[in-house]
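A.B. asks: predicted model and sequence below, questions to follow.
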2 protein chains.
Amino acid sequence: MSKPTIYLIPVTLGDTPIDQVLPPYNTEVISDLSYFIVENVRSARRFLKKCNPEIDINSLTFFELNKHTQKNEISTFLSPLKSGQNVGVISEAGCPAVADPGADVVALAQNEGYKVVPLVGPSSILMALMASGFNGQSFAFNGYLPIDSAERVKKLKQLENKVYNEYQTQIFIETPYRNDSLAEDILKHCKEQTKLCIAMNISCKNESIVTKRIKAWKQNLPKMHKQPCVFLIYK
Amino acid sequence: MSKPTIYLIPVTLGDTPIDQVLPPYNTEVISDLSYFIVENVRSARRFLKKCNPEIDINSLTFFELNKHTQKNEISTFLSPLKSGQNVGVISEAGCPAVADPGADVVALAQNEGYKVVPLVGPSSILMALMASGFNGQSFAFNGYLPIDSAERVKKLKQLENKVYNEYQTQIFIETPYRNDSLAEDILKHCKEQTKLCIAMNISCKNESIVTKRIKAWKQNLPKMHKQPCVFLIYK
């Protein structure tokens, strides 16, 4: 009998067809699972139904893992593994355990010696990096920048220094309704010759991944309000 | 008419079935292309044939982009785009333009204003990160560490400092025949309580992605010689 396994199951970024961004194997794996750790039960059900319209949703058990979950609750989510059942982890968008709470449950599974198997799917961070033309031999993802304006400018300058001193591509994101204001801060506080890649709506309709020097962006910044974006800077 | 587009086409990591790691959409895109920029023509042909056994390989044009390619040659690879033809970029393993020469041609395409579209596929870096249980809100990929022993130890200590000071997961790789010696250096020079994830043969048979504290690895390090590995450290 094979070792109990926790599968990390990516989902589409937005309303993209399954076949465009997920391998057929993922649906095979999903169809064999009865237990899922998910960020949001409603959207996880919808995703599972989209992958496999025949799936019997009511026979499945869901554990909800998000910012409201207590730390001590998480370990109970692994109880199916203890009795030899496999478990799937599903996030809200993209790859679980990258920029979401999934990493906590994976850390626990690793700690307890379970097998952890990542499946292939869309990652806005990685796809933005691929298409940016920036250094892919050295890059850092920095999550969300600080909200406080002075802190944010300081962080932007630190990241720009890493670009020039360490030749490292710097990647970051923002809550979609604050994209425009982040972009303005980048244009205002980074060097004119620094390159900025704005990656919008990755793998969705209206996808646009464009790299220009800051000086060129100053002439025409796209509207990013409420569009999911990844920002990357390099020299 | 749609804008000439450069598609970034991931391939399998090792001898994995296409359906396990690539979305069906990728094969649709491939089947419509006549021009490919590839790291190695032989393996690219083999991959295309595997995706679409009906493909007429002899009707396709390949440009080879690898460490032997002259910088000034690269711009000629984009000539099909100039005449309105789409072009695909294929690397040796995983996602093009991440840890391979593909980024140069993407940078040029961005510079000339062509549309760049990344497709979904396996990335050993991202999949290792997902399964490590390490911080996925902040992480850095550092490529290959220095070969020189003193330089390498210095770099390892720098990366370990970033783990503790910046809470940033540090990811790096090694030429597969030097994996064992890199692992020994990590065990010898990093703190006992630091966590090391060794991700071997990702998405292939014998896949193993295991996280332990350095202290625990000291008791039984796996044989990694000539197995493709990704190394990650965190606290």
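C.D. replies: All right, it came through fine. None of these values were measured; they are calculated from a predicted model.
A.B. asks: stretch A:86-104 close to chain B?
C.D. replies: Yes - residues of stretch A:86-104 contacting chain B under CB under 8 Å from any CB of the partner chain: A:95-100, A:102-104. Quick note: C-beta positions are derived from backbone N, CA and C, even for glycine.
A.B. asks: where does the prediction get shaky in chain A?
C.D. replies: Scanning chain A for pLDDT under 70 picks out the ranges A:1.
A.B. asks: ok, residue A:109 touching residue A:116?
C.D. replies: Yes - in this structure, residue A:109 is within contact of residue A:116 by CB atoms under 8 Å, at 5.6 Å.
A.B. asks: give me the domain ranges for chain A.
C.D. replies: Domain assignment for chain A by automatic domain parsing gives A:5-118, A:124-234.
A.B. asks: so what's the closest residue to residue A:227 other than its chain neighbours up against?
C.D. replies: Excluding the flanking residues, the one nearest residue A:227 by CB to CB, 6 or more residues apart in numbering or on different chains is residue A:200, at 5.0 Å. Taking CB atoms under 8 Å, 6 or more residues apart in numbering or on different chains, we find residue A:200 in contact with A:206-209, A:222, A:224, A:227-229.
A.B. asks: let's see 7 Å
C.D. replies: Contact criterion CB atoms under 7 Å, 6 or more residues apart in numbering or on different chains gives A:208, A:222, A:224, A:227, A:229 as the residues in contact with residue A:200.
A.B. asks: so what sits opposite it in the bridge?
C.D. replies: On DSSP bridges, the residues paired with residue A:200 through beta bridges are residue A:208, residue A:229.
A.B. asks: quick one, strands of chain A?
C.D. replies: With strands called from DSSP state E, chain A shows them at A:5-9, A:35-38, A:61-64, A:87-90, A:115-118, A:139-144, A:169-173, A:195-200, A:208-213, A:229-234.
A.B. asks: go through those and name the closest to residue A:159.
C.D. replies: Among the strands of chain A, strand A:169-173 comes nearest to residue A:159, with 4.1 Å by CB to CB.
A.B. asks: residues of the longest helix anywhere in chain A that come out buried?
C.D. replies: What stands out as the longest helix in chain A, according to DSSP state H, is helix A:149-166. Buried residues in helix A:149-166, counting neighbours by 16 or more other CB atoms under 10 Å in any protein chain shown, are found at A:152-153, A:155-156, A:159-160, A:162-163.
A.B. asks: next, format the residues you listed as CSV and append distance to residue B:172.
C.D. replies: Shown next, in CSV, are the buried residues of helix A:149-166 (distance: CB to CB, whole Å):
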residue, distance to residue B:172
A:152, 29
A:153, 31
A:155, 24
A:156, 26
A:159, 20
A:160, 23
A:162, 17
A:163, 19
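A.B. asks: which of those come close to chain B?
C.D. replies: Among these, no residue lies close to chain B (CB under 7 Å from any CB of the partner chain).
A.B. asks: closest one of the residues you listed to chain B?
C.D. replies: Chain B has its nearest neighbour among the buried residues of helix A:149-166 in residue A:162, at 9.3 Å by CB to the nearest CB.
A.B. asks: neighbours around the closest residue in space to the closest one that isn't next to it in sequence, how many?
C.D. replies: Setting aside the residues directly before and after it, residue A:162 is nearest to residue A:168 in space (CB to CB, 6+ apart), at 5.1 Å. By the criterion of other CB atoms under 10 Å in any protein chain shown, residue A:168 has 21 neighbours.
A.B. asks: same question, residue A:131
C.D. replies: Residue A:131 has 30 nearby residues by other CB under 10 Å.
A.B. asks: then residue A:210?
C.D. replies: Residue A:210 has 18 nearby residues by other CB under 10 Å.
A.B. asks: check contacts around it.
C.D. replies: Taking CB under 7 Å, 6+ apart, we find residue A:210 in contact with A:197-198.
A.B. asks: again with residue A:29
C.D. replies: Here residue A:29 is in contact with A:7, A:119 (CB under 7 Å, 6+ apart).
A.B. asks: ok, now with 10 Å
C.D. replies: With contact set as CB atoms under 10 Å, 6 or more residues apart in numbering or on different chains, residue A:29 has these partners: A:5, A:7, A:9, A:23, A:51, A:86, A:88, A:117, A:119, B:20.
A.B. asks: kindly report the same for residue A:50.
C.D. replies: A:11-12, A:15, A:17-18, A:22, A:27.
A.B. asks: go on, residue A:216?
C.D. replies: Residue A:216 makes contact with A:192, A:195-196, A:210 under the criterion CB under 10 Å, 6+ apart.
A.B. asks: and the gap between residue A:184 and residue A:196?
C.D. replies: Distance of residue A:184 to residue A:196, given as CB to CB, to the nearest Å: 12 Å.
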